[in-house]
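Q: I'll drop the sequence and a predicted model, then ask my questions.
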Amino acid sequence: MQVPFYRHALSRADAERVAAVLDTPMLTSGPVGREVETQIAAYLGTSHALLTNSWTNGAIAVLLALGVGPGDDVIVPAMTFVATANVVALVGARPIFADVDADTLLLRTDDVLRRLTDRTRAVIPVHLYGQMVDVAGLRTALAAAGRPDVRIVEDAAHCFEGSLDGHRPGHDSDAAVFSFYATKNVTCGEGGAVVTRSADLADRILHTRLHGMSAMAVDRFSTGRYRHWDMVTLGTKANLADVLAALLPGQIASVDRQRARRATVAQRYRDAFSGLGLRMPAWRRSVVHAHHLFPVHVPTGHRDGMLRRLADAGVGVTVNYRSVPSTTFYRDRAPHGATPVSDEWGAGTISLPCFPDLTVAEQDHVIAAVTGAIHRLQVPEPV
Ligand SMILES: *Cc1c(COP(=O)(O)O)cnc(C)c1O
């Protein structure tokens with residue numbers, strides 16, 4: 001049996017929404033995207049949502065709108081996808097890596113506070129694997145440390161539908177950024193969104209999302225007459241085309257139902273793997289977990305053997321993630337050994353298939369493959 005790492009759940013109804021956009025003259029950002037933005041803001045209980053063509057470009061648009069640039073430091077967790085640090089470097093600022101909690105793998109507030117300097121402009125907490133960081137707590141701690149000026153931009157690429165004590169992404173920060181990349185819980189292949197409660201910041205992101213221009217393409221044509229535009233600030237190209245935005249409304253409407261199915265798969269894995277000697281991240285009680293990924297950590301030195309055995313068994317797996325400071329690009333740009341928990345987790349973690357449509361037979365196959373591989377770790381591998 002082959003079990004894919006991910007399989008999207010798009011339907012005929014989604015395809016028909018795309019077809020409807022193809023019947024319009026302009027495929028770029030327009031009325032469909034604006035409707036989805038309203039839907040996202042309502043779902044998350046916030047005032048402003050802006051669709052983007054990726055998390056990466058959305059985060060760049062946010063950092064530009066906040067005026068983060070050369071001479072500034074931005075604190076990011078070492079255990080995350082490289083994009084979290086890359087966007088900081090791409091706007092000319094310096095990513096400073098903080099470590100994560102050994103149980104939850106989430107950014108540690110005390111480690112953020114330890115790394116504050118005069119150059120610190122922002123922190124990007126990551127809701128890793130779908131479990132939310134305590135953003136309200138981080139905000140309070142920054143204020144108590146005399147740094148209420150430090151901006152918080154949430155990396156919510158793993159957590160569209162999750163919450164912590166009723167707080168959703170975007171409630172306690174300057175902005176939260178989502179990804180609708182191909183493997184994410186809500187996907188349109190490539191896409192993303194930014195939410196914020198600040199009308200002023202939303203207005204600035206409207207510009208930094210589109211070259212810094214004063215009007216969107218569709219708006220420029222909508223009156224039937226050409227309207228001049230101006231460029232008011234330096235921006236990037238981060239708007240999402242309606243042809244992709246059309247894939248989102250159906251998924252957003254069903255995301256809570258899908259989350260419940262992910263939770264069932266995750267709980268089954270967790271029960272099946274307890275007692276095998278695999279480490280798994282602790283789940284906090286007051287969290288609604290988005291279960292974007294199901295990572296396990298295999299005993300030191302055995303990851304590649306485990307990856308090979310799972311591939312042989314037909315199980316699609318990935319690694320989320322090697323710690324960012326251990327990558328070739330960042331190795332010489334970050335202090336060595338400053339984030340030991342992230343480095344150690346990153347050297348042994350493997351992500352298993354965890355999506356809503358995973359059948360019981362597929363789950364059984366994954367469980368059997370992992371259990372079998374763990375039992376054979378004791379035995380020397382054939383050369
Ligand atoms: C996927 C991901 C991103 C990047 O998203 P894109 O939409 O591909 O730019 C950023 N951060 C995390 C944690 C991710 O998993």
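A: Received the coordinates, thanks. Note that this is a predicted model, so its numbers are computed, not measured. Numbers count the residues shown, from 1 in each chain.

Q: quick check: residues of this protein near the ligand?
A: 54-56, 80-81, 83-84, 126, 155, 157-158, 179, 181, 192 (C-beta under 6 Å from any ligand atom). The way it works is simple: take the backbone N, C-alpha and C, and place the C-beta from them, glycine included.

Q: go again using 5 Å as the cut-off
A: By C-beta under 5 Å from any ligand atom, the residues of the chain that approach the ligand are 54-56, 81, 83, 155, 157, 179, 181, 192.

Q: which one of the residues you listed is nearest to K237?
A: Nearest to K237 out of these is S54 (C-beta to C-beta; 10.5 Å).

Q: quick check: that closest one touching G192?
A: Yes: if you go by C-beta atoms under 8 Å, S54 and G192 touch, sitting 5.0 Å apart.

Q: so between those two, which is more surrounded?
A: The neighbour comparison of S54 against G192 (other C-beta atoms under 10 Å) goes to G192, with 27 against 19.

Q: now for the more buried one: which residues touch it?
A: When contacts are counted by C-beta atoms under 8 Å, 6 or more residues apart in numbering, G192 touches 51-58, 157, 177-181, 240.

Q: most neighbours, which of the residues of the chain next to the ligand?
A: A157 (30 neighbours).

Q: buried ones in stretch 82-96?
A: Within stretch 82-96, the residues that count as buried by 16 or more other C-beta atoms under 10 Å are 82-88, 90-91, 93-96.

Q: got the contact list for that stretch?
A: Contacts of stretch 82-96 with the rest of the structure, by C-beta under 8 Å, 6+ apart, involve 55-56, 59-60, 63-64, 68-77, 97, 115, 119-121, 124, 126, 155, 157, 321, 324, 327, 329-330, 334.

Q: how is the closest residue to N53 other than its chain neighbours assigned, secondary-structure-wise?
A: Using C-beta to C-beta, 6 or more residues apart in numbering and skipping the chain neighbours, the partner closest in space to N53 is L240 (5.0 Å). With DSSP: H, G, I helix; E, B strand; the rest coil as the basis, L240 sits in coil.

Q: also L50?
A: Here L50 is strand, with the state taken from three-state DSSP.

Q: test my guess that it contacts R209.
A: Yes: applying C-beta under 8 Å, one finds L50 in contact with R209, separated by 6.2 Å.

Q: need the residues touching each of these two.
A: 58, 194.

Q: helix or strand for E154, which one?
A: Applying DSSP states H and E as the criterion places E154 in strand 151-155.

Q: run through the strands of this protein in chain order.
A: Using DSSP state E, the strands of the chain run over 48-52, 73-77, 94-98, 120-123, 151-155, 163-164, 175-179, 192-196, 287-288, 294-297, 349-352.

Q: counting residues, which helix of the chain comes out longest?
A: When the chain is parsed with DSSP state H, its longest helix is helix 248-273.

Q: mind checking how far that helix is from the chain centre?
A: Relative to its chain's centre, helix 248-273 lies at 16 Å (C-alpha atoms, centre = their mean, to the nearest Å).

Q: do stretch 98-106 as well
A: Taking C-alpha atoms, centre = their mean, one finds stretch 98-106 lying 16 Å from the centre of the chain it belongs to.

Q: ok, now stretch 288-305?
A: 17 Å.

Q: now the end-to-end length of it.
A: Using C-alpha to C-alpha, to the nearest Å, the end-to-end distance of stretch 288-305 comes to 34 Å.

Q: okay, now the residue nearest to N53: neighbour count?
A: Residues lying near L240 (other C-beta under 10 Å) number 28.

Q: would you confirm that it contacts W55?
A: No: taking C-beta under 8 Å as the definition, L240 is not a contact partner of W55, at 11.6 Å.

Q: pretty sure V287 sits against Y129.
A: No: counting by C-beta under 8 Å, V287 sits too far from Y129 to count as a contact (11.0 Å).

Q: those two - which one has more neighbours?
A: Regarding V287 and Y129, a neighbour count based on other C-beta under 10 Å identifies Y129 as having more, with 27 against 18.

Q: the closest residue to that one other than its chain neighbours - how many residues pack around it?
A: Closest residue to Y129 apart from its sequence neighbours, by C-beta to C-beta, 6+ apart: L293 at 4.7 Å. Using other C-beta under 10 Å, L293 has 24 other residues around it.

Q: tell me the pLDDT at L293?
A: Per-residue pLDDT puts L293 at 98.

Q: and for A42?
A: A42 carries a pLDDT value of 98.

Q: any idea how far it is from the ligand?
A: A42 sits 22 Å away from the ligand, going by C-beta to the nearest ligand atom, to the nearest Å.
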